[in-house]
Every structure is written in C-alpha cells, then in structure tokens.
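S.K.: Model the following, please.
(one chain, ligands or ions: 1)
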Amino acid sequence: MAYEENSQQMSEPRYDCLLFDIDDTLYPFSSGLSALVTNNIQEYMIHKLGIEEDKVQELCLELYKIYGTTMAGLKAVGYDFDYDDFHGFVHGRLPYTTLKPDPILRNIILSLPFRKVVFTNADKAHAAKIIARLGLDGCFERIISFETLNPNINTESPAAVMESREIFDIISYTANSDTSIKLPKTPVICKPFEGAFEHVFKMTNINPHKTLFFDDSIRNIQTGKRVGLHTVWVGTSHKDEGVDIALEHIHNIREALPELWEAVDDKTEEIRSKQKVAIEIIA
Ligand SMILES: [Mg+2]
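M.R.: Below you'll find the predicted structure:
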C-alpha cells in the first residue's frame, strides 16, 4: 500500500506548469521601467486624448483599479484610440537597454522540467523585447499577451465619450458601494479578471490546480488563487490573502520552492530505474 502511494506521488507530481507574469516579476520593480510606463500612459492621456493634466493621475489610477488596466478603462468610458498606437507610445519609447541578461533566472527556468507559459497584459512587442533583453528566449512554450487575448479588438467600436466629470461620478458611486450603478463594459480581456485566466487555461490546456503562478500584483495573485492556481507573489516577502508563497526576488525560487527540484530528482530517479529495468530485460 505504502509502495502504491509512493509510486502514485512519483508519477503524479504536484505541479506540471509554471505561469509567469513579465513586468516587475521576471525583473525587479527597482529597474524603474514601471514608473516610466505610468508616466507614458499619463502623457498619452494628456497629449493624445486631450484629458486635463490635473485630472490625469487620479483618473489613471481609478480606471486601472476598476477595469484592470488604464487602457481598458479609457476604452470602456469611450475614448477612441488605436491600441497599437497606445502600446507604441507607452512601451515603444522605454529604455530597454537598461535591462541586462539574467543567466541565473535562465538557468533556474531551464532546469525545471515543467511547462512554462507567460501571461502578461502587455502587448507582444513589449513582451518579446523584455524576454530578449533578459536573455530568456527559448525558455517559454508560449507567451500570452494583449493580442493573444484580444485578437479582433481593433474592429470593435467604442462607446460615446464621457466627460471626465461623469467618470469621476461613476467612480465615487462605485466607491460608495452603490451596486445599482452599472459601469460601462470594457471590450478588453485582461488580468485581474477571472474570465481572462479561464481563457488562458482553455487556450493552453493548463490545469490551474497543478500550476504555480508568479505575479507581482496582489490583485492578480488573489484572482489566481480564486481560480485554483498555486500563487507566488513576487517582489515582497510579505504574505497576504491569496498568497501561498512570497518571494522578494524571482531568484529566490530555489530557496522558497526546493520541492520543485526534488521533483526533478524524482523524475531523474524514475528514468534511471526504468532504464535499469530495460537493461535488465534486454540482458
Ligand atoms: Mg507585473
């Protein structure tokens, strides 16, 4: 009986997939790229969408909170812009050369015999640049980006543009828990919404109960937990609701999750014993 249990544990490891966010997860927040992204979003709102400068900071944050990303929120409340133009403005001017190759992370990822998938709200050009700069090309079987989850989005027409005063009215009603107020629906599929996670699971055939999910955003982590993922909050050592493991830096995977490498050892042992039996049979 004990043998059967052991044998089952060996053939069915706890995890079979690692799901990674990119920004502030595969590289640290201290790189400064996130602050530049926020700045570029606000510049876009002022110079391309004509939103008053003194309202931009608060609106940017509130739309992010309600709609998952500021871009999704801007579209939901009716601003008409091209997604590629937005991404080009916000990400296209980032100083990617400040990111250096990370051979430690590359070795960690490549040494683990699990499926590895990236799930980011960013556009595919940004994702590809970051992965290339970090020296992580070839480490992931698939990169799920904005375009993957929203393939036909540029053909959808936006709703009528609201005045920013109206947007703030909606936001304040929402903050006061008036659930009878219906928010405009965003056409964008993105984290932290459960539907985006479910979509990713279907597209990639991921079993969330056997997947470790790495992200720096607590709201993404908490949704991830609700949909069945094992969660690793990256960038902090604090625990919070929905967090299984907290990592100050992605490099700390080895110390925090040694069982991942035990699974490697089990697998190697299993292969060795199968080879031994095969040799004995042939002999
Ligand atoms: Mg992130």
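S.K.: Just the pLDDT for Lys185.
M.R.: pLDDT recorded at Lys185 is 77.
S.K.: Over to the one 5 residues further on?
M.R.: Reading off the confidence values, Cys190 has pLDDT 94.
S.K.: for the one 3 residues further on, same thing?
M.R.: Residue-level confidence at Phe193 comes out at 94, pLDDT.
S.K.: Let me know how buried the closest residue to the ion within the stretch 101-250 of the chain is, in neighbour terms.
M.R.: Per CB to the ion, Asp216 is where the stretch 101-250 of the chain lies closest to the ion, at 4.5 Å. All C-beta atoms are positioned from the backbone trio N, CA, C, and that covers glycine. As a burial measure, Asp216 scores 22 neighbours (other CB atoms under 10 Å).
S.K.: Please apply the same query to the one 5 residues further on.
M.R.: Ile221: 27 surrounding residues under other CB under 10 Å.
S.K.: can I assume it is in contact with Thr231?
M.R.: Yes: the criterion here is CB atoms under 8 Å, and Ile221 meets it with Thr231 at 4.7 Å.
S.K.: any residues in contact with both of these two?
M.R.: Residues touching both Ile221 and Thr231 (CB atoms under 8 Å, 6 or more residues apart in numbering) are 213, 215, 242-243.
S.K.: which sections of the protein are below the confidence cut-off?
M.R.: 1-11, 154-183, 263-283 (pLDDT under 70).
S.K.: Surely the residue of the stretch 101-250 of the chain closest to the ion touches Val234?
M.R.: Yes: counting by CB under 8 Å, Asp216 does reach Val234; the two are 4.9 Å apart.
S.K.: Identify the contacts common to the two.
M.R.: 21, 24-25.
S.K.: Pull out the buried members of those.
M.R.: With neighbours counted using 16 or more other CB atoms under 10 Å, the shared contacts of Asp216 and Val234 contain these buried positions: 21, 24-25.
S.K.: Which of those residues fall within strands?
M.R.: Of the positions in those, not one sits in strands, assigned by DSSP state E.
S.K.: related to what we said a few turns ago, which residues touch the residue of the stretch 101-250 of the chain closest to the ion?
M.R.: By CB under 8 Å, 6+ apart, the contact list for Asp216 reads 21, 23-25, 29, 233-235.
S.K.: can you pull out the strands in this structure?
M.R.: 17-20, 115-119, 142-144, 211-215, 230-234, 245-247.
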